[in-house]
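Participant: fold the stuff below for me.
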Amino acid sequence: MMTNSSVRCASPLHHQSLPSRFALAFFNRSLLTKSVFFGATPSPRLVSVRSQTPGSDHGSGSQRSVGFSESTPSAGIANSSSVIDFLTLCRRLKTTKRKGWVNHGIRGAESIADHMYRMAIMALIAADLPGLNRERCIKIALVHDIAEAIVGDITPSDGVPKEEKSRREQAALNEMCEILGGGMRAEEIKELWAEYENNSSLEANLVKDFDKVEMILQALEYEMEHGKVLDEFFISTAGKFQTQIGKSWAAEIILRRKSLSAQRLRR
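Facilitator: Next comes the predicted model:
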């Protein structure tokens, strides 16, 4: 339980070592951060305070900024406040379970972030292909489902048409990039997501395969751990792999599944 003194220390307004003007600047910043998540649109501004030099009158002093600019830096890199807002929203990727597994009664099912992380590892360790940009594959893997932080994991069982699913995710992605503050990094995320969505490059082809490979590997693992039969995940991906790497890895997973099934029958 927090004591009254601990509550006071947690708020910059009650931190006795800060001058009142600095306390007000911190308070304004916290209000701005909260407004992002409660629907308010913060207006760009730069918070300034007046600093006192030793021996100066209370009414004098030079005014300077303390760096709390809420506008996007000219270099296209988001400021710290926007970054933390964005990362806080991305936390939902860590806590939202993949619905396909939840629908099959898997306890402790993987999260969206779990899925994307292993795909990124796949991109890291895959063999080289002529003309392939490995770094871009890793980036695509890390952002391809990022819009699900807002829309959640929409599966075929939800009955949402593909076009509507894409529209929702595009709108969510745009919202997330606004929270990030726009700029170069936000535009890169949009570009990577669109490349995957449109399956418009060799890198996108490969990451699309990783998406399916990761899913059937996870299905096999859940079959082994929970005694489930998860045929639909293997049926839905059969014949849909676009690259030799994807086909090879999928074939290995299916071979292991058949071997495990044969072992069970012999018992």
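Participant: mind giving me the packing neighbours of the helix or strand hosting Ile253?
Facilitator: For Ile253, the element it lies in under DSSP states H and E is helix 244-266. Applying 3 or more Cβ pairs under 8 Å, 6 or more residues apart in numbering; DSSP states H and E, one finds that helix 244-266 makes contact with helix 202-226, helix 231-237. C-beta coordinates here come from the backbone N, C-alpha and C atoms, glycine included.
Participant: got the CA coordinates for stretch 175-186 in CSV?
Facilitator: The C-alpha trace of stretch 175-186 is given here as CSV (Å, rounded to 0.1, in the frame of the first residue of the first chain):
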residue,chain,number,x,y,z
GLU,A,175,-3.5,6.6,-36.0
MET,A,176,-0.4,4.9,-34.5
CYS,A,177,1.9,6.8,-36.8
GLU,A,178,0.2,10.1,-35.8
ILE,A,179,0.8,9.2,-32.1
LEU,A,180,4.5,8.6,-33.0
GLY,A,181,4.5,12.1,-34.3
GLY,A,182,4.9,11.4,-38.1
GLY,A,183,8.3,11.9,-39.7
MET,A,184,10.7,9.5,-41.3
ARG,A,185,10.2,6.6,-39.0
ALA,A,186,6.4,6.7,-39.2
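Participant: buried set for that stretch?
Facilitator: Residues of stretch 175-186 classed as buried by neighbour count (16 or more other Cβ atoms under 10 Å): 176-177, 179-181, 183, 185-186.
Participant: check stretch 205-212 too.
Facilitator: 205-212.
Participant: which one among the residues you listed gets closest to Lys94?
Facilitator: Lys94 has its nearest neighbour among the buried residues of stretch 205-212 in Asp211, at 18.4 Å by Cβ to Cβ.
Participant: does that closest one touch His144 like I think?
Facilitator: Yes - with contact defined as Cβ atoms under 8 Å, Asp211 reaches His144; the gap is 7.0 Å.
Participant: hey, what's in contact with both of the two?
Facilitator: Common neighbours of Asp211 and His144 (criterion: Cβ atoms under 8 Å, 6 or more residues apart in numbering): Met119.
Participant: how far off centre is the helix holding Ile253?
Facilitator: Put simply, helix 244-266 sits 31 Å off its chain's centre (Cα atoms, centre = their mean, to the nearest Å).
Participant: before we move on, what about stretch 186-194?
Facilitator: 13 Å.
Participant: stretch 107-114 too?
Facilitator: On Cα atoms, centre = their mean, the centre of stretch 107-114 falls 14 Å from the chain's centre.
Participant: quick check: buried residues in it?
Facilitator: 109-114.
Participant: which two among those residues are spaced furthest apart?
Facilitator: Ala109 and Ala113 (12.4 Å).
Participant: tell me how many other residues crowd Lys240.
Facilitator: 12 (other Cβ atoms under 10 Å).
Participant: that one and Val213 touch, don't they?
Facilitator: No - at 10.9 Å, Lys240 does not count as touching Val213 under the criterion of Cβ under 8 Å.
Participant: overlap of the contact sets of these two?
Facilitator: Applying Cβ under 8 Å, 6+ apart, one finds that no residue jointly contacts Lys240 and Val213.
Participant: any idea how far the residue lying closest to Asp209 once chain neighbours are set aside is from Ile140?
Facilitator: Computed as Cβ to Cβ, 6 or more residues apart in numbering, the closest residue to Asp209 that is not its neighbour in sequence is Gly246, at 2.7 Å. For Gly246, the distance to Ile140 equals 14 Å [Cβ to Cβ, to the nearest Å].
Participant: which of these two has more neighbours?
Facilitator: Ile140 (27 against 23).
Participant: mind checking which helix or strand that one is in?
Facilitator: helix 134-143.
Participant: tell me which residues in that helix are buried?
Facilitator: 136-143.
Participant: one more: stretch 195-202?
Facilitator: 195-197, 201-202.
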